[in-house]
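Visitor: Sequence and computational prediction follow.
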Amino acid sequence: SRLADLRTRMDGYLGWDGFTSQTIAAIEIALWDVLGRSLDTPVWQLPGGPPAATPLHGTGTTMFEESAAWHAAYFDAGVAAGIGTVKVRLGRDLEADVDVVRAVRDRVGPGIRIGVDSYWFHDARTALEVATALAPLDIGFFEEPVPQMRVDDLAWLASRSPIPSAVGERVYSPGQSDDFGRRGPAHESPPDASACGGV
């Protein structure tokens, strides 16, 4: 295909990951959009196969200066609209992060899944401390606990953490995805179409 040709031509200069993959994703997604518009068909129908529900989650904010109660109330509109999972951003000290997650759990109740995302804030050992402290709050996933390029650290954490780890929004290529699958550094791998080469 033309996109495979584009990837091959860019590889010698820019590699397969990062910028190359994001550039190809932008073009690929735009082409799906053009095709969908020309056929008056939503893009999700174009690849074929039966429709599948994709659960969405509401993502919190990095306004760490706000109170735990403020962060808990931040999710009210999303929960009222039917979102079944909320994701709390971590990046304060351990005690403050636990306080915020506890406030969110108290506010949303047991029927809402909570995930946390430290956006590479930790090393493997401190991420394990965080996961251990948060585990009693029934946390569904811990996204990007450790920088993604530290695959061995992620695998070490995944084998010990009481909370499933999630890594994937910066997996840029099929080869990188395959490597993650073989080495087992995460329990969940949520992709980002705009980063991993497109739909």
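Guide: Received it, and whenever you're ready, just let me know what you need.

Visitor: confidence score at residue 17?
Guide: Among the per-residue scores, residue 17 shows a pLDDT of 67.

Visitor: roughly how far is the helix ranked longest in the chain from the heart of the chain?
Guide: Across the chain, the longest stretch assigned as helix under DSSP state H is helix 19-39. Counting by Cα atoms, centre = their mean, to the nearest Å, helix 19-39 is centred 21 Å from the centre of its parent chain.

Visitor: Which strands border whichever helix or strand comes after it, and is each parallel or antiparallel?
Guide: The first helix or strand that comes after helix 19-39 along the chain, using DSSP states H and E, is strand 57-59. Here strand 57-59 has these sheet partners by DSSP bridges: strand 85-89 (parallel).

Visitor: buried residues in the strand it pairs with?
Guide: By 16 or more other Cβ atoms under 10 Å, the buried positions in strand 85-89 come out as 85, 86, 87, 88, 89. Where C-beta positions appear, they are placed from N, C-alpha and C, glycine not excepted.

Visitor: again with stretch 28-35
Guide: Those would be 28, 29, 32, for stretch 28-35 by 16+ other Cβ under 10 Å.

Visitor: low pLDDT regions in this protein?
Guide: For the chain, applying pLDDT under 70 flags the ranges 1-17, 173-174.

Visitor: And the helices in it?
Guide: With DSSP H applied, the chain shows helices at 2-14, 19-39, 68-73, 76-80, 94-108, 124-134, 151-158, 174-183, listed in chain order.
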